[in-house]
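Asks: build me a model from this:
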Amino acid sequence: MANNYIEDGQTMDWTNSTGADVASGDPVSVGAMLGVAHADIADGEDGVLHMTGVIALAKDEADSWSAGEKLYFDAESGNVSVTESDVVAGTAWADAETGDSDAPVRLGY
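Replies: Got it, this is the predicted structure:
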């Protein structure tokens, strides 16, 4: 093992300082990255975020995209989108059609 190895990066310990509770499965922006809460995390408490994996996330039903497209997170709407923003969500894991309320996203890639 490399002497500078820290961890595999699949999860991140995170302290919820948002002013609101975060529910299991909620997307959470951490700087320019997006994580997803593993379990409920009360405001002021510590929890774990998934930073990799394929997770169904909310999307604007008017949007569509193809598998492999880069996706971003819009904190205001809580949706993923192909519209570039400061927070990279990941990559579309499958095609998403107009009318779909959520879509599978490969976090972080």
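
Asks: and stretch 74-92, what's buried?
Replies: 74, 79-81, 85, 87-92 (16 or more other CB atoms under 10 Å). Bear in mind the C-beta positions are built from the backbone N, C-alpha and C, glycine included.

Asks: quick one: mean pLDDT for that stretch?
Replies: Averaging pLDDT along stretch 74-92 yields 95.

Asks: cool, and stretch 40-53?
Replies: The average pLDDT within stretch 40-53 is 98.

Asks: now swap in stretch 14-28 and tell me
Replies: Average pLDDT, stretch 14-28: 97.

Asks: now do the end-to-end distance for that stretch.
Replies: End-to-end distance of stretch 14-28: 10 Å, with CA to CA, to the nearest Å as the criterion.

Asks: list of residues touching it?
Replies: Stretch 14-28 is contacted from outside by 30, 34-49, 55, 57-58, 73, 78, 80, 89, using CB atoms under 8 Å, 6 or more residues apart in numbering.

Asks: mind checking which of the residues you listed are buried?
Replies: Buried subset of these (neighbour count, 16+ other CB under 10 Å): 34-37, 41, 47-49, 55, 57-58, 73, 80, 89.

Asks: now tabulate these in JSON lines and tack on secondary structure and distance to Tyr5.
Replies: Shown next, in JSON lines, are these (DSSP: H, G, I helix; E, B strand; the rest coil; distance: CB to CB, whole Å):
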{"residue": "Leu34", "secondary structure": "strand", "distance to Tyr5": "24"}
{"residue": "Gly35", "secondary structure": "strand", "distance to Tyr5": "21"}
{"residue": "Val36", "secondary structure": "strand", "distance to Tyr5": "24"}
{"residue": "Ala37", "secondary structure": "strand", "distance to Tyr5": "26"}
{"residue": "Ile41", "secondary structure": "strand", "distance to Tyr5": "27"}
{"residue": "Gly47", "secondary structure": "strand", "distance to Tyr5": "24"}
{"residue": "Val48", "secondary structure": "strand", "distance to Tyr5": "20"}
{"residue": "Leu49", "secondary structure": "strand", "distance to Tyr5": "20"}
{"residue": "Ile55", "secondary structure": "strand", "distance to Tyr5": "26"}
{"residue": "Leu57", "secondary structure": "strand", "distance to Tyr5": "30"}
{"residue": "Ala58", "secondary structure": "strand", "distance to Tyr5": "35"}
{"residue": "Phe73", "secondary structure": "strand", "distance to Tyr5": "28"}
{"residue": "Val80", "secondary structure": "strand", "distance to Tyr5": "31"}
{"residue": "Ala89", "secondary structure": "strand", "distance to Tyr5": "26"}
